[in-house]
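>>> requesting a structural model of the entry that follows:
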Amino acid sequence: MTFSMSNLGLRRSLLSTTTIRHRLYIHERRYLSQTVDSTRPGTHSIVSGPLDPPLSELTMPDFYRTQILPNHASRPALISRHENNVRWNFAEFDVRIERMARGLLVAGVKPGDRVAAIMGNCSAYAVLQWACARIGAILVTVNPAYKVHEIVAALNTVTASTLILTPTVRKSSLLQAIFDELPTLASTPAGEEINDPGLPSLRRIFVVDNTGDQTLFKKELNRGPCVVDLAEIASTQYGAEPQHEAEKILDRALDRHDVINLQFTSGTTGLPKAVSLTHRNLLNNALSVGRCMRFSDRDSLCNVPPLFHCFDKCKPSRLDIHVAADIKTGSPIVARGDAFSPPPPSSPLPSPFALLSFSPKDIVQAVSYERCTAIHGVPTHFIGVLDELDRVGSGVDMSSLRTGIASGSAVPIDLIQKLIRRLNMRDLTISYGMSGFCGI
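Model (predicted):
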């Protein structure tokens, strides 16, 4: 038999493929026949870890109600120094969660609704996260640095029915920028649901005051009849019928596999994508982080990163949906400025990302005054803190620090050594974040 050059090349190609497959088969059989050697980590593609302690099968509200309140009701949960020094214990925090949950239900939010939040770090954000989990609504955390067209795209991607935002960002009116993009929004009559073709799923807008000026905040509220102060929603005394309907929803059983948080990935390989996080993975991620850091009721966490970020979703007190420094151990979260740490639903970690404004001075003061034992941040945050200590000299005591998490980007070894030596962070944890797997 004779072959042309092209046929000969094809035959060689086929023989090569057959040989490769055969060798792979032989390798696979030899590998499977070997006894697993547990003393040689890294030699196997599948590694099994300990099953103790077992994963929690509670929802976040059930965990809070059965594990936190009975043991830590009177302990500090949230310290927000930039909000007139707000200080809530876990019982007080729970009261605010219940009020917010009922207010949102009466306002029209239903289980399964997507509630988008565009805010800096504040106590309202912490309450909102837990209130949404209590209702069974899905909190959508949106980067406040998004441009208006990015915000519109994000809201449409997740079909958000409710938008909760601070009216200003970096001293500019975010509310007005949205109305400029979608003029018909501002013309929605008071008391009626929004129906705008640019945001077809959106039905209501609530605002959280971050102006510090009642006159300016009232001006923001007056930009559109459809804009409602979130504080009114949480504090209004409703009639018997609305309260009864809200109670029926709050009394229904939640499923630990229900999605309670949508957060956007960075969009490294394309446009940002929303990933779904549940009670179960948020809570267990937070608890795992707390155990890794050996958090106890003697610890308090200074949170620097923004609450919309995946870093925040893994805190011990979290919104894990990333909110107290540790909902498991009852340790508080300390917040300062737009870089504060509230109590989120399921983890002993804070949120990870410098918010719209990052003040190393405020962070140093918060750690020193509140005697925080942990601080979370990205390398830029820690470099800023070290620079601030260089500036103020030896007049600040940071010796209370013990641990914390550095993440968000590669952490240079020299920075790690400085954090251990100068900030006493001998139990520093370096973590790897991935939004789709619930943060840390």
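>>> quick one, helices of the stretch 201-350 of the chain?
Ranges of helices in the stretch 201-350 of the chain, per DSSP state H, counting those that start in this stretch, are 214-221, 230-235, 240-251, 279-293.
>>> quick one: low-confidence parts of this protein?
1-18, 20, 23, 25, 27-47, 266-269, 309-357, 433-440 (pLDDT under 70).
>>> and it, what are its domain boundaries?
Structural domains assigned to the chain are 88-264, 279-437, following automatic domain parsing.
>>> closest to residue 75 out of those?
Closest approach to residue 75 among the domains of the chain (Cβ to Cβ): domain 279-437, 4.5 Å. Where C-beta positions appear, they are placed from N, C-alpha and C, glycine not excepted.
>>> dump the helices of the stretch 201-350 of the chain to JSON lines, plus distance to residue 137 and mean neighbour count.
As requested, these are exported to JSON lines (distance: least, Cβ to Cβ, whole Å; neighbours: other Cβ atoms under 10 Å):
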{"stretch": "helix 214-221", "distance to residue 137": "23", "mean neighbour count": "14"}
{"stretch": "helix 230-235", "distance to residue 137": "13", "mean neighbour count": "18"}
{"stretch": "helix 240-251", "distance to residue 137": "10", "mean neighbour count": "13"}
{"stretch": "helix 279-293", "distance to residue 137": "13", "mean neighbour count": "25"}
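>>> of the ones you listed, which is nearest residue 19?
helix 279-293 (44.1 Å).
>>> any chance of the helices of the stretch 201-350 of the chain in JSON lines, plus distance to residue 370?
Converted to JSON lines, these look like this (distance: least, Cβ to Cβ, whole Å):
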{"stretch": "helix 214-221", "distance to residue 370": "28"}
{"stretch": "helix 230-235", "distance to residue 370": "26"}
{"stretch": "helix 240-251", "distance to residue 370": "33"}
{"stretch": "helix 279-293", "distance to residue 370": "18"}
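>>> so residue 179: helix, strand or coil?
Judged by DSSP: H, G, I helix; E, B strand; the rest coil, the three-state class of residue 179 is helix.
>>> distance of it from residue 199?
12 Å (Cβ to Cβ, to the nearest Å).
>>> intersection of neighbour lists for the two?
Applying Cβ atoms under 8 Å, 6 or more residues apart in numbering, one finds that residue 179 and residue 199 are jointly contacted by residue 185.
>>> ok, these two, which is more surrounded?
Taking neighbours as other Cβ atoms under 10 Å, residue 179 and residue 199 compare with residue 199 leading, 23 against 20.
>>> contacting residues for the more buried one?
With Cβ under 8 Å, 6+ apart, residue 199 has these contacts: 152, 155, 156, 160, 182, 185.
>>> am I right that residue 169 is in contact with residue 144?
Yes - using Cβ atoms under 8 Å, residue 169 is in contact with residue 144, at 5.5 Å.
>>> more neighbours: these two, which one.
Neighbours were counted for residue 169 and for residue 144 using other Cβ under 10 Å; residue 144 has more, 22 against 19.
>>> next, the closest residue in space to residue 378 that isn't next to it in sequence: phi, psi?
Spatially, and ignoring its direct neighbours in sequence, residue 378 is nearest to residue 408 (3.3 Å; Cβ to Cβ, 6 or more residues apart in numbering). With angles defined as degrees, to the nearest 10, residue 408 shows backbone torsions of phi 100, psi -30.
>>> state the distance from residue 408 to residue 377.
Relative to residue 377, and taking Cβ to Cβ, residue 408 is found at 8 Å.
>>> between those two, which has more neighbouring residues?
residue 377 (29 against 22).
>>> what sits closest to the more buried one if chain neighbours are left out?
Distance criterion Cβ to Cβ, 6+ apart; nearest residue to residue 377, sequence neighbours excluded, is residue 304 at 4.0 Å.
>>> how distant is stretch 66-86 from the center of its chain?
Relative to its parent chain, stretch 66-86 has a centroid offset of 18 Å by Cα atoms, centre = their mean, to the nearest Å.
>>> how about residue 116, secondary structure?
On the basis of three-state DSSP, residue 116 is classed as strand.
>>> need the contact list for it.
Counting by Cβ under 8 Å, 6+ apart, residue 116 makes contact with 140, 142, 154, 155, 158, 160, 162, 163, 164.
>>> gap between the two ends of stretch 205-221?
End-to-end span of stretch 205-221 (Cα to Cα, to the nearest Å): 10 Å.
>>> for that stretch, which outside residues touch it?
When contacts are defined by Cβ under 8 Å, 6+ apart, stretch 205-221 is touched by residues 107, 119-120, 122, 124-125, 162-168, 173, 175, 185, 194, 224, 226-231, 233.
>>> tally of neighbours for residue 168?
With other Cβ under 10 Å as criterion, residue 168 counts 20.
>>> my bad, residue 212
With neighbours defined by other Cβ under 10 Å, the count for residue 212 comes to 10.
>>> ok, it to residue 96 distance?
For residue 212, the distance to residue 96 - Cβ to Cβ - is 20 Å.
>>> please apply the same query to residue 284.
Residue 284 is 25 Å from residue 96, by Cβ to Cβ.
>>> one more: residue 290?
Separation of residue 290 from residue 96 (Cβ to Cβ) stands at 23 Å.
>>> again, but for residue 277
23 Å.
>>> cool, and residue 274?
27 Å.
>>> what do you get for residue 52?
Using Cβ to Cβ, residue 52 is found at 35 Å from residue 96.
>>> returning to what we had before: of the domains of the chain, flag the one that's most buried.
Most buried of the domains of the chain by mean neighbour count (mean count of other Cβ atoms under 10 Å) is domain 279-437; its value is a mean of 24.
>>> on that earlier part again, quick one: the domains of the chain as TSV, columns for distance to residue 24 too.
Listed next are the domains of the chain as TSV, based on distance: least, Cβ to Cβ, whole Å:
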stretch	distance to residue 24
domain 88-264	38
domain 279-437	30
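>>> can you say which of those domains is nearest to residue 22?
domain 279-437 (37.3 Å).
>>> excluding its backbone neighbours, what's nearest residue 115?
In this structure, residue 115 finds its nearest non-sequential neighbour in residue 162, 4.5 Å apart by Cβ to Cβ, 6+ apart.
>>> and the one you found, what does it touch?
104, 108, 109, 113, 114, 115, 116, 202, 203, 204, 205, 206.
>>> which ones are touching residue 420?
Counting by Cβ under 8 Å, 6+ apart, residue 420 touches 426, 428.
>>> and it, how far from residue 373?
Distance from residue 420 to residue 373, by Cβ to Cβ: 15 Å.
>>> in a strand, residue 429, correct?
Yes - remark: residue 429 belongs to a strand, assigned using three-state DSSP.
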